[in-house]
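Engineer: model the following, please.
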Amino acid sequence: MYFFRFSLILTGIITFSIINWNCAEEPINVDLSHLSQTADTLTLNAITGFTYQVPPEIGSIKRLYVGAKGELSFPFSFIKIHSYGSNGIGWDSLLDTAIIVDSVLFKLYSDDSLISPDIDIHLYFSTDSIFSELESNYLDYQSFSFTQWTNLDRPVISQAADTTDTSQLFTETVLSWGISELLPTLIDTADSNLIRTFGIGFSEPLDSQFLNIFSREYSPGSQDPKIEVYYRQEMNLASESSSVDTLMKTFYAVGDVSIVFPSEEYNPVSGEIAISQGQGFRSIIKVPFDSLSLPELSVIRSAKLILYQESDTTNSFGIIMHPLNEEVDTTEIIFDNDPYPELGAYSTSSTLVDGKFEISLKSFLQSILMVDTLINVGMKLSPSLSSDLFETARFDLLSETNPARVEILYVTP
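Structural biologist: Residues are numbered from 1 along each chain as shown. Below is the predicted model:
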């Protein structure tokens, strides 16, 4: 009996392995039309929604901004420099008496080739930490100014080019400040809590002035905000001292953020929702779907939420869908913090293309059918990091030609 059971198990393993190998090599096409399953569709209309506004959160994007563009104002950006250099050695290593510092440069980079050499952008320095990259917003800086900071004046502007061939193509603009005067403070070992915080802003903000530069998220170090320290080191050889060639230590940004002031509050329009990263617009939509919306034991093949813009004003605009964890009873639409808690599962994202936004709800809706405790209380639509900071996606849920809808394809036993 034991041998017989063992033979059956061994035969099963071998058979499963052969079938699995064949599946990996070549898909098996099987006609399933004889099975007793019925495919059907369901279209959900009657989709409602509203828009609310929170302070814009742009601490993790690939740019820093200063000035004004469109309806957004960026009076200042902040940058925090690391306490340790690229080789893991701290600022205090520059206290070595054998080191002679030649220059200390603070550098920022931009892909704008038209930055004027006379641009009136100033660099400021503080030993206080006044911002959080992921949490700071304009509500924290309603009356802020750089009056108590060290003013390091305007930068030297230079352009770099790709010299690998004769075309000499533009690659970047470099904004550089000489900050050697800060060196005693930067290498101060008496203050163990020393924070090296820099800020940039125009001396006189004007609507016509605007600057964009790369943040620390833009590149893997080469174009990050940074401080470069150029120095020589004396070496004692055979009772004689001589200086080695000029060396460099680099100290990179460990945090940066632009503070953006949105220029408008959202004015509700009947049947419209809006989504914007720069303005802080997010929207809640309600889809009439619950565990009884489809026949028992239904399997959803696809479920797509489809929204249209009245006009094709944005493109490649990323939007994330987060199911809500619970309903929030409020008539307010402007908040200091987002009051709508996310479920933390079934989130999906997609991109607006040619005025049409289409996103899958399959996983979320199927789970509603299967999990008794999962209730559909609404979904949050918010901009992804890939969305254009200066654009607003607006959707007319009640459009006569292209109303908002969810299209579901499902099968039942």
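Engineer: could you use CA atoms for every contact and neighbour count after this?
Structural biologist: OK.
Engineer: all helices for this structure, in order.
Structural biologist: For the chain, the helices defined by DSSP state H occupy 2-25, 183-186, 362-370.
Engineer: tell me, which of these is the model least confident about?
Structural biologist: Mean pLDDT is lowest for helix 2-25 among the helices of the chain, at a mean of 40.
Engineer: show me where pLDDT drops low in this protein?
Structural biologist: Across the chain, the ranges flagged by pLDDT under 70 are 1-37, 163, 165-167, 236-243, 312-313.
Engineer: partner strands of the longest strand anywhere in the chain, parallel or antiparallel?
Structural biologist: Counting residues, the longest strand found in the chain (DSSP state E) is strand 247-262. Paired strands of strand 247-262, with direction, are strand 72-81 (antiparallel), strand 226-237 (antiparallel) (DSSP bridges).
Engineer: among those, which comes closest to S347?
Structural biologist: strand 72-81 (28.9 Å; Cα to Cα).
Engineer: residue boundaries of the strands in the stretch 101-250 of the chain?
Structural biologist: Using DSSP state E, counting those that start in this stretch, the strands of the stretch 101-250 of the chain run over 121-126, 150-151, 156-162, 169-178, 196-202, 210-214, 226-237, 240-243, 247-262.
Engineer: now these in a markdown table, please, with extra columns for mean neighbour count and distance to S399.
Structural biologist: Formatted as a markdown table, those follow (neighbours: other Cα atoms under 10 Å; distance: least, Cα to Cα, whole Å):
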| stretch | mean neighbour count | distance to S399 |
| --- | --- | --- |
| strand 121-126 | 20 | 46 |
| strand 150-151 | 16 | 54 |
| strand 156-162 | 14 | 50 |
| strand 169-178 | 18 | 45 |
| strand 196-202 | 22 | 44 |
| strand 210-214 | 19 | 37 |
| strand 226-237 | 17 | 50 |
| strand 240-243 | 11 | 75 |
| strand 247-262 | 22 | 28 |
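Engineer: nearest to A68, out of those strands?
Structural biologist: strand 210-214 (5.5 Å).
Engineer: how far away from the center of its chain is the closest one?
Structural biologist: Between the centre of strand 210-214 and the centre of its chain there are 17 Å (Cα atoms, centre = their mean, to the nearest Å).
Engineer: report the backbone C-alpha coordinates of that strand in PDB.
Structural biologist: In PDB, the C-alpha atoms belonging to strand 210-214 read as follows (Å, rounded to 0.1, in the frame of the first residue of the first chain):
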ATOM      1  CA  PHE A 210      10.700  82.700 -12.800                       C
ATOM      2  CA  LEU A 211      13.500  80.200 -12.300                       C
ATOM      3  CA  ASN A 212      13.500  76.400 -12.400                       C
ATOM      4  CA  ILE A 213      16.400  74.300 -11.200                       C
ATOM      5  CA  PHE A 214      17.000  70.700 -10.600                       C
END
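Engineer: that one packs against which elements?
Structural biologist: Judged by 3 or more Cα pairs under 8 Å, 6 or more residues apart in numbering; DSSP states H and E, the packing partners of strand 210-214 are strand 63-69, strand 99-110.
Engineer: the strands paired with strand 247-262 into JSON lines, with extra columns for distance to S367?
Structural biologist: JSON lines is the format used below for the strands paired with strand 247-262 (distance: least, Cα to Cα, whole Å):
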{"stretch": "strand 72-81", "distance to S367": "40"}
{"stretch": "strand 226-237", "distance to S367": "48"}
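Engineer: what's the closest of these to P383?
Structural biologist: Nearest to P383 among the strands paired with strand 247-262 is strand 72-81 (16.3 Å), distances taken as Cα to Cα.
Engineer: what's the angle from the closest one to strand 63-69?
Structural biologist: Here the directions of strand 72-81 and strand 63-69 differ by 150 degrees (axes from the mean of the first three to the mean of the last three Cα atoms, to 10 degrees).
Engineer: what's strand 72-81 in contact with?
Structural biologist: 64-68, 129, 131, 195-202, 205, 225-227, 251-263, 278-279, 390 (Cα atoms under 8 Å, 6 or more residues apart in numbering).
Engineer: next, the buried residues of it.
Structural biologist: L72, S73, F74, P75, F76, S77, F78, I79, K80, I81 (16 or more other Cα atoms under 10 Å).
Engineer: contacts only, for Q168.
Structural biologist: A161, D162.
Engineer: oops, could you answer that again for P56 instead?
Structural biologist: So P56 contacts N137, V260, P262, Q277, G278, Q279, G280 (Cα under 8 Å, 6+ apart).
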